[in-house]
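> need a 3D model of the following:
(2 chains)
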Amino acid sequence: MVEKQCLEKTDAELVELSLKNSNNFLCLLKRYEKKLLFYIVRLSGFREEEAEDVLQEVFVKTYYNLRDFDSRLKFSSWIYRIAHNETISALRKKKVRPAELLDDESWLKIATKLDVQEFVENVLLHEQIKHIIDRIDEKYRDVLILRFLEEKDYAEISDILKKPVNTVSTLINRARKIFKKEFDKYERK
Amino acid sequence: MSESNISEKAFTQIQEEGIKPSSEIKFHFQRSLFWLFAFVSLLIGALAVAVTLYIIADNDWDLFWQHGAGFGWTRAILYALPYFWLIVLGGFLLVSHYTFRHTKFGYRYRLWQVIVANIILAILLGAIFYFCGFGAKLDYVLAKKVPAYQEINNPRIKIWSNPQEGLIAGEIIQPGLDIIILEDLQNRQWRVNIGQAKIKPAVLLLDGERIKVLGRINNEMEFWAEEIRPWFGRQILWEVRHETKEKINH
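Numbers count the residues shown, from 1 in each chain, chains lettered A, B, ... in the order given. Predicted coordinates for the structure are as follows:
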């Protein structure tokens, strides 16, 4: 398929076309390659080569399960879900705690989006942010990455993580509170 | 992040290894299986509700009301609750919740929403089953086929094993006009004087029939009956009568 034709198609249309002719699947892969590679790195802290291996596996699994895709769901949510699950499996195999591996810049961005940037600017050094982040539960970390780094809305996060929208919202609010509480502690010091 | 070509690599792998999208039937089957499990769990939950309703409705509440029967309400209610079925109900609601959460969009609902919806459905369906007599029938069949079931579940056994309180129950092993021999639930034989007893219309006083007797101890292993009630509730009475008559004809 010509690149231009590819761009005109929606994800759902490309899925349909891929089932008829596998060559069309390459368009979908190219569309998501960069985004998913960033996501995997953010989620896992893997080095680029490791993340690429995970992503390759994600793409193969996506193709194998293509008929399981339900058009009531966004294709991006579905492929992010596969990427999330595959990354978590890879992490389990390696037995690493991912939060320790996320870069300061990403966490600073999250802190800013959580409306606690005033504390960040005034009180905290990056090392201190990292200290808080290292201790934050994985369930918050997953939601925070999707919301503030991948910029997904609550419904999409719900579909990716297979959690109710209300739970996603609760997790974000709790994460905000945890941050503020920890920042308050630092401020008093 | 550097420019890479993972898409090409993955695509080549797909082509070289001849990977094909898995069949739609497989996914349909997996999804249907979860729905089936959710439905079966709900069905069992509803049956548990039906039997619970039957056991509670069939309890001799009037007895506690009129005589106190030496029990008091708290004890009576504690005795009357069919714990076995309540545990079954709870278990299957959990299974039903788990399987529903694994259906395609089941994760979109919160835990309490799924549990409450399951409870409401189980109660509605269970009430229908109860009015159709399924609860009574299931209780009867299990009591007949599984000896331990009565011991574990049937609260009437505890209530009607109190000769000192004037309550006995069991099977007629020797019918008679004034005196019958009754083997109680602990397999002790009682000589029961029924000459002055008020006998409920549902009671036939046939050999092998199960009855409940209200009265008082006269002598050792002798009981003076004031009222005789059928062991099984109204919903199952016709079936019990039919079986008892057949047993006699044989």
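
> pLDDT weak spots in chain B?
Applying pLDDT under 70 to chain B flags the ranges B:1-4, B:64-80, B:151-155, B:234-250.

> return the residues of it in contact with chain A.
Within chain B, the positions near chain A by C-beta under 8 Å from any C-beta of the partner chain are B:1-2, B:4, B:6-11, B:13-15, B:19-24, B:27, B:104-105, B:107-110. Quick note: C-beta positions are derived from backbone N, CA and C, even for glycine.

> pull out the buried residues from these.
Among these, the ones that count as buried by 16 or more other C-beta atoms under 10 Å in any protein chain shown are B:4, B:6-7, B:9-11, B:14, B:21, B:27, B:107-109.

> of all these, which comes closest to A:Glu8?
The closest of these to A:Glu8 turns out to be B:Ser7 (C-beta to C-beta; 18.7 Å).

> helix or strand for that closest one, which one?
Assigned by DSSP states H and E, B:Ser7 falls within helix B:6-16.

> do the same with A:Asp70
Per DSSP H and E, there is no helix or strand for A:Asp70.

> can you get me a residue count around it?
Residues contacting A:Asp70 under the criterion other C-beta atoms under 10 Å in any protein chain shown number 12.

> which residue sits closest to the residue positioned nearest the centre of chain B, ignoring its sequence neighbours?
Note on chain B: the residue nearest the mean C-alpha position is B:Val51, at 3.5 Å, using C-alpha atoms, centre = their mean. For B:Val51, ignoring the flanking residues on the chain, the nearest one in space by C-beta to C-beta, 6 or more residues apart in numbering or on different chains is B:Gly135 at 4.5 Å.

> for the helix or strand encompassing the one you found, packing partners?
Following DSSP H and E, one finds B:Gly135 within helix B:134-145. Helices and strands touching helix B:134-145, by 3 or more C-beta pairs under 8 Å, 6 or more residues apart in numbering or on different chains; DSSP states H and E, are helix B:24-57, helix B:147-153, helix B:234-249.

> the same query, at a cut-off of 10 Å, please.
helix B:24-57, helix B:83-101, helix B:111-131, helix B:147-153, helix B:234-249 (3 or more C-beta pairs under 10 Å, 6 or more residues apart in numbering or on different chains; DSSP states H and E).

> off-centre distance for the longest one?
Centroid displacement of helix B:24-57 relative to its chain, using C-alpha atoms, centre = their mean, to the nearest Å, is 16 Å.

> what does the third one give?
Between the mean C-alpha location of helix B:111-131 and the chain-wide mean there is a distance of 16 Å, by C-alpha atoms, centre = their mean.

> now that helix: buried residues?
Buried residues in helix B:111-131 (16+ other C-beta under 10 Å): B:114-115, B:118-119, B:121-123, B:125-126, B:129-130.

> I'd guessed the residue nearest to B:Val51 sits against B:Leu125; true?
No: using C-beta atoms under 10 Å, B:Gly135 is not in contact with B:Leu125; the gap is 11.4 Å.

> shared neighbours, those two?
Shared contacts of B:Gly135 and B:Leu125, defined by C-beta atoms under 10 Å, 6 or more residues apart in numbering or on different chains, comprise B:46-47, B:49-50.

> and the buried ones among the residues of chain B next to chain A, which is closest to A:Ile88?
Of those, the one sitting nearest to A:Ile88 (C-beta to C-beta) turns out to be B:Tyr107, at 15.9 Å.

> now the closest one. Nearest residue, chain neighbours left out?
Here the residue nearest B:Tyr107, using C-beta to C-beta, 6+ apart, is A:Lys162, at 3.9 Å.

> could you do A:Asp70 as well?
Nearest non-adjacent residue to A:Asp70 (C-beta to C-beta, 6+ apart): B:Lys104, at 6.3 Å.

> pretty sure the one you found belongs to a strand, no?
No: counting by DSSP: H, G, I helix; E, B strand; the rest coil, B:Lys104 is not part of a strand but coil.
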